[in-house]
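**Student:** how would this look folded up:
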Amino acid sequence: MNETSFSSLEEVVFCFYQSNNIRQSEAQKFLMELENSPQVWEIIWNELLSSKHTEMQFYGATLLHAKLLKDWAEIPADQYDILKIKLLEAVVYFKDSSKVVLNRLCITLAVLIIRLTSSFWPNAVSNLISLFQDASLSQNVPNVSPETLTWLLLEILCVIPEEFQTILLSKNEKIFIRSSLEGDNLAVLALLEAALSNTNIEIQLQAIKCSKSWLEFGLPAESCDNLLNILINIVSVIYKNPDFSQCSINAIEAICTLCTHPNITKYPKKILYFLDRILLLADILNSSQEIPDNDIIPCLYTLFVNMGEIHLKVFIKTMTTKGPERESFLKLLYLILQCSNAPGCFPKDEIYSTQTFNFWYLLQDEIVTTEYLKNEEILGIIKTFYKKLILILMEKSMQPENMSDWSRDDKDKFRCYRQDIADTYMYCYAILNTELLDIIVRHLEIAIANPNIVSEWRKVDSYLYAFYAISENAICSEHPRILHCMLLLQKLPLSNMNVQVFQTVMELLGSYAEWLCLHPELLESVLSVIFTGIESPELAAPATLALKDIVRECKSVLTNYAEGIADRTKILLEKQHLKSSEEIRLIFSLGTVISLLPESAILKYLESVVTPYVARIQNILQKPPENQKKAENEISNCVGIFTQLFLGLSVQPPQPQFCLLRLLLPIFKDILTKYKGEKLVSSTCIAIKCAVSNLGFTCFELLPIIVDIIKTTYCNNLQNSLLELAKQLLILFGNNNNLDCTKLMSDMLKDICEFSLNKFTAATLENVSEYTSLLEHFYSFCTNVLKKNCKLLLHTEGIDHVLLFKYAGLALCAPEAVTVKSASSFLCNVINISREQSVLLAVVHDHGFELVKLILFAIGKVSPRNCLEHVSDVLVALSKKYCDWLSRWLNDVLSEEGVPSPRANSTAKKRFIKAILREKANKRRVQDCIKEFSFLCRGLLNKDYVEQTTSTL
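**Tutor:** Residues are numbered from 1 along each chain as shown. This is a model prediction of the structure:
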């Protein structure tokens, strides 16, 4: 090791563990060197673990653990027994020392057991149990009682399954070691049963933790009856004792692990037996006042809900016959229903009722997708539970009286909770159908008849929310209850009620827009309510959403209302009390309804609506902005208004849209000339795209102006939104037989390629990461053009195809997968069509060598592992189309010493070339060959974790 300024190893370790020490990084560097030094094993035993200081001991145990994980190959086989004995002695020696040191040593011993059990220490767990239970051991080891040895044994066993899950092993090693450990299951089970029955509470607590760990690993469920009964008895006895609350929770979690383990699904009778046993714990819920720890109740409900979810198919089968198994399942359903009805408001008073939502979905799914739906008796029983669930959900979804003291996080949780309840209403509808509507209508009638309806608004809101939640399914039926509900809305004193009720009404009306289209007689009253909401700043958001939904779905029946809607919308816009998002939605609605009017009326409305926004933009453009970001945002909002008009307008012939675009294009050009912000450029391009998409070939007359905007903007501001707009034009007009149109598209494509390639001139292997975004977007654009209109890209004069090919190869060395994928896709398309295109054939022939050199550089040095798949695609394409050329290029590149890495010798290079050329028809095999060669070049091939990592890539 290098010289250090530290006086002793003890000083280094102390410094390393002091986060505020300025020499911590120096200490860390020293310790990293120590870990790789040949003397590290002696230092661990003779200096670190033998020290009296806890920091030294802990670092020694941690270092030993790390060595067994990472550098197992360094340990000679003849040292295994010595290491095992030393570790066992250390565990016993540190029994009364710091818990963190003892725990780390136990974890280290667990790693050793996992390493040795496959070959050098067969039946390691059984042998360990026998060793610690040997009476002579406690006699030979001074000051160590049998109880202490049992506790230590359980501590070691507890971490073995945990370490097995985290240690990196090959797939075959995992299988073999798991099999070896499972061979000791019965010995572990016998130990756990004995320890759980021990009168020593410390041993019992440790046994519970160990039981959970080994049950997760997979103790044989068919042999765990006694273990389950012991755990249930423990919970039943100690749950009232506040000192053992965590113990109760651990025991319940162990029971849950046993009852829901995947292995148990093979034993339906055992599942039913386990259900009978765990239902004994239900009595605890009835004595909740006596439970000192509130966490025990959610833990019990988790057990019941998980049991119901995982074994639902088994339990539903019991419904076909009357018997104790059926009664047990019904009792389980009541318990889950009880969990849904957790007392209090979520999330302030309780947080566990959420776990039942998935169960109610699974239950209805199992019923409606199987023959059980036709069984009237079973369906009747299940309906009973869902009807009770509806009443519970109505209660739980009620808005709190006052949320002023709620945190933002709690408000968001409650919003998500209400959404989960809305989804559950849908599941209920799948079972109850129109019976659910009957329940809602009945409650709504009672609420409206109540003279105290204004003060009891929470109930009304909850019932309306239920009606809103089932809209997606309910609108598919013409049930008279829907009409009844809609008529009941007209009886609500909305002007006097809480704003939350009004918001729910807005959401409800929007969700039933499709149904309202079939009942246009209600539209006048509905629109009146919605416009009342838009006038209020508090209600404008849901009201504009509802209006947008209604005009979109009911357009065919809005002719008689169109002018009235347009006039009211215009008045509301003039008030300027709306937020930008609300204005945008209102403008879309306006564009949709004025499409129903004569052309002269459309132009009149467009002029009156657009003029203020145009004036606002021109006013900003004419003045030097005091705050550029604010100015860009304001202009962007105005442009968004125009976008929504283009989206809403749908008139044939599209003269109004044409006139609007012709008016706006000069303004768009002025905007893009003065401002370069990404958001503003993007919103402007989106507006033009929407207009072009709406107009189609009708906008041909305006095409030169749009192309000029793209070219003049892109030359100074290479943004993806401009490429997306250009791509749309090339797809729409690139194949046009009109020569002027073709020339226009060719010139635009040439200029885009020229501007982009000039930008890449300074790009090198060292700084390619600075160009990743532009490379990604440009080559994505080129790939689309190549696929849609390769003739335009290949035969337009002035496009340098050599540079296109060259910089795509450079992009393969970028550090980001999306950039590599974009370049790879372009190159693969070029290579695949190059045989039929002479211009590309020449490029591939003359510059393929440089491309292969870059590919090998990426594989051997720079490409992250998640990019190798995309790099390999280019090699696959080359091997299919140019196998002979690729063979020569690979041999020429790899013949140079040290390319792509000094770690790859000539044998490995030849093997790699042979594999690539042989497996050209098998993309997956080529990828595997490239990954292996990449690992070799980077010095990773001989590490223990490589096989495991490769399998996950």
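
**Student:** quick one: contacts for the residue most central in space within the chain?
**Tutor:** When CA atoms, centre = their mean is applied to the chain, the residue found nearest the centroid is Cys416 (16.5 Å). By CB atoms under 8 Å, 6 or more residues apart in numbering, the contact set of Cys416 is empty. C-beta coordinates here come from the backbone N, C-alpha and C atoms, glycine included.

**Student:** what pLDDT does it get?
**Tutor:** pLDDT for Cys416: 96.

**Student:** Tell me how far Ile530 lies from Val499.
**Tutor:** Distance of Ile530 to Val499, computed by CB to CB, to the nearest Å: 15 Å.

**Student:** ok, these two, which is more surrounded?
**Tutor:** Ile530 (25 against 13; other CB atoms under 10 Å).

**Student:** hang on, isn't the more buried one packed against Leu509?
**Tutor:** Yes - when contacts are counted by CB atoms under 8 Å, Ile530 is listed as touching Leu509 (6.5 Å).

**Student:** Mutual contacts of these two, please.
**Tutor:** Ala546, Ile550.

**Student:** Quick check: what element follows the helix or strand hosting Asp423 along the chain?
**Tutor:** In this assignment (DSSP states H and E), Asp423 forms part of helix 408-432. For helix 408-432, the following helix or strand on the C-terminal side (DSSP H and E) is helix 434-449.

**Student:** And the contacts of that next one?
**Tutor:** Contacts of helix 434-449 (CB under 8 Å, 6+ apart): 383, 387, 390-391, 394, 425, 428-429, 432, 453, 456, 459-460, 463-464, 466-467, 470, 474, 477, 479, 481-482, 484-485, 488, 491-492.

**Student:** and Thr796, what are its phi and psi?
**Tutor:** Phi and psi for Thr796, reported as degrees, to the nearest 10, are phi -80, psi 120.

**Student:** What's the local residue count around the nearest residue to it once chain neighbours are set aside?
**Tutor:** In space, and not counting its chain neighbours, Thr796 is closest to Ser746: 4.3 Å by CB to CB, 6 or more residues apart in numbering. Neighbourhood size, Ser746 [other CB under 10 Å]: 19.

**Student:** Now Ser746: which helix or strand?
**Tutor:** For Ser746, the enclosing helix or strand under DSSP H and E is helix 739-759.

**Student:** What residues of that helix count as buried?
**Tutor:** For helix 739-759, a neighbour-count test (16 or more other CB atoms under 10 Å) marks 741-742, 744-746, 748-753, 755-757 as buried.

**Student:** what does the average pLDDT come to for the helix or strand that it is followed by?
**Tutor:** Following the chain from helix 739-759 toward its C-terminal end, the next helix or strand by DSSP H and E is helix 772-795. Across helix 772-795, pLDDT averages out at 94.

**Student:** I'd like the next helix or strand past helix 772-795.
**Tutor:** Assigned by DSSP H and E, the successor of helix 772-795 is helix 801-811.

**Student:** Against which helices or strands is that following helix packed?
**Tutor:** On a contact count with 3 or more CB pairs under 8 Å, 6 or more residues apart in numbering; DSSP states H and E, helix 801-811 meets helix 739-759, helix 772-795, helix 817-833, helix 838-857.

**Student:** Deepest-packed of those helices, please.
**Tutor:** helix 817-833 (a mean of 22; mean count of other CB atoms under 10 Å).

**Student:** Any chance you could list what contacts that one?
**Tutor:** 772-773, 775-777, 779-780, 782-783, 786-787, 790, 804-805, 808-809, 811-812, 814, 840, 843-844, 851, 858, 863-864, 866-867, 870-871, 873-874, 877-878, 881-882.

**Student:** same thing with stretch 799-810?
**Tutor:** Contacts of stretch 799-810 (CB under 8 Å, 6+ apart): 749-750, 753-754, 757, 760, 763-765, 768, 775, 779, 782, 793-794, 823, 826-827, 830, 839-840, 843-844, 846-847, 850-851, 854-855.

**Student:** Also stretch 580-591?
**Tutor:** Counting by CB under 8 Å, 6+ apart, 534, 540-541, 544-545, 547-548, 551, 565-566, 569-570, 572-573, 578, 605, 609, 637, 640-641, 643-649 sit against stretch 580-591.

**Student:** OK, contacts around the residue nearest to Thr117 when sequence neighbours are not counted?
**Tutor:** Once flanking residues are discounted, Thr117 sits nearest to Ala124: 4.2 Å by CB to CB, 6+ apart. Ala124 sits next to Ile113, Leu116, Thr117, Ser180, Asp184 when contact means CB under 8 Å, 6+ apart.

**Student:** just checking, which of these belong to helices?
**Tutor:** Members of those lying in helices (criterion: DSSP state H): Ile113, Leu116, Ser180.

**Student:** how much space between the second one and Pro625?
**Tutor:** Spatial separation of Leu116 from Pro625 under the definition CB to CB is 73 Å.

**Student:** and those two? which has more neighbours close in?
**Tutor:** With neighbours defined as other CB under 10 Å, Leu116 and Pro625 compare such that Leu116 has more, 19 against 15.

**Student:** Against Ile620, how distant is the more buried one?
**Tutor:** Counting by CB to CB, the gap from Leu116 to Ile620 is 76 Å.

**Student:** do the same with Asn832
**Tutor:** With distances taken as CB to CB, Asn832 is found 49 Å from Ile620.

**Student:** next one: Glu582
**Tutor:** From Glu582 across to Ile620, the span is 21 Å (CB to CB).
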